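>>> attaching a predicted model along with its sequence, questions to come.
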Amino acid sequence: LQVPRAPSQPAASSEGRRFANKHSKKALKASLTLGILLGMFFVAWLPFFVTNVTQAVCSCVPAGFFDVLTWLGYCNSTMNPIIYPLFMRDFKRAMGKYLPCCRRSGEPRPSAISLSMRNSNSGPRAAMSLKNVL
């Protein structure tokens, strides 16, 4: 006895695989970016917090060493604007659009009026739906 098979739908299944593959790549890239950001945060701030607790318990940490660890934590904040454009295309586009040093030649400069209209609730707006947002 053979069990009858349902007719296969190769177009729909390949489109579904492509859709799933695209989203899994996006999720992997987002996870990688988040992992790098959190890793940098822990590398930069964990020594500061451990030293801070040690200083509270035994008062044996030199002031200069404490200052170096504090600045290491501050340097983490300077790394974020470097990490985001490396891994996020949308962030890179926004920087190129609004920062004159990152703008490509031939791209129009956004005016203050268009920026304020875009950020305010006045003016014409396209219909907002989940499809337009995504």
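Yes, it's here. Numbers count the residues shown, from 1 in each chain.
>>> when you work out contacts or count neighbours from here on, use the C-alpha atoms and nothing else.
Fine.
>>> burial check on Trp71, number of neighbours?
Neighbours of Trp71 under the rule other C-alpha atoms under 10 Å: 14.
>>> how near is it to Leu38?
18 Å (C-alpha to C-alpha, to the nearest Å).
>>> kindly report the same for Pro100.
Distance from Pro100 to Leu38, by C-alpha to C-alpha: 30 Å.
>>> quick check: pLDDT value at Phe48.
Phe48 is assigned a predicted lDDT (pLDDT) of 93.
>>> also the one 4 residues further on?
We have a pLDDT of 92 for Asn52.
>>> and for the one 4 residues further on?
pLDDT recorded at Ala56 is 91.
>>> what about it, how many residues nearby?
The number of residues near Ala56, taken as other C-alpha under 10 Å, comes to 10.
>>> and Leu37, by the same measure?
17.
>>> low-confidence ranges, this protein, go.
Low-confidence segments of the chain (pLDDT under 70): 1-16, 19, 102-134.
>>> please, where are all the helices along it?
Secondary structure of the chain (DSSP state H): helices located at 10-58, 63-87, 89-98, 112-119, 130-133.
>>> from Ala30, how far off is Ala44?
On the measure of C-alpha to C-alpha, Ala44 and Ala30 end up 21 Å apart.
>>> which of those two has more neighbours?
Each of Ala44 and Ala30 has its neighbours counted (other C-alpha under 10 Å); Ala44 has more, 20 against 14.
>>> fine by me, we can end here.
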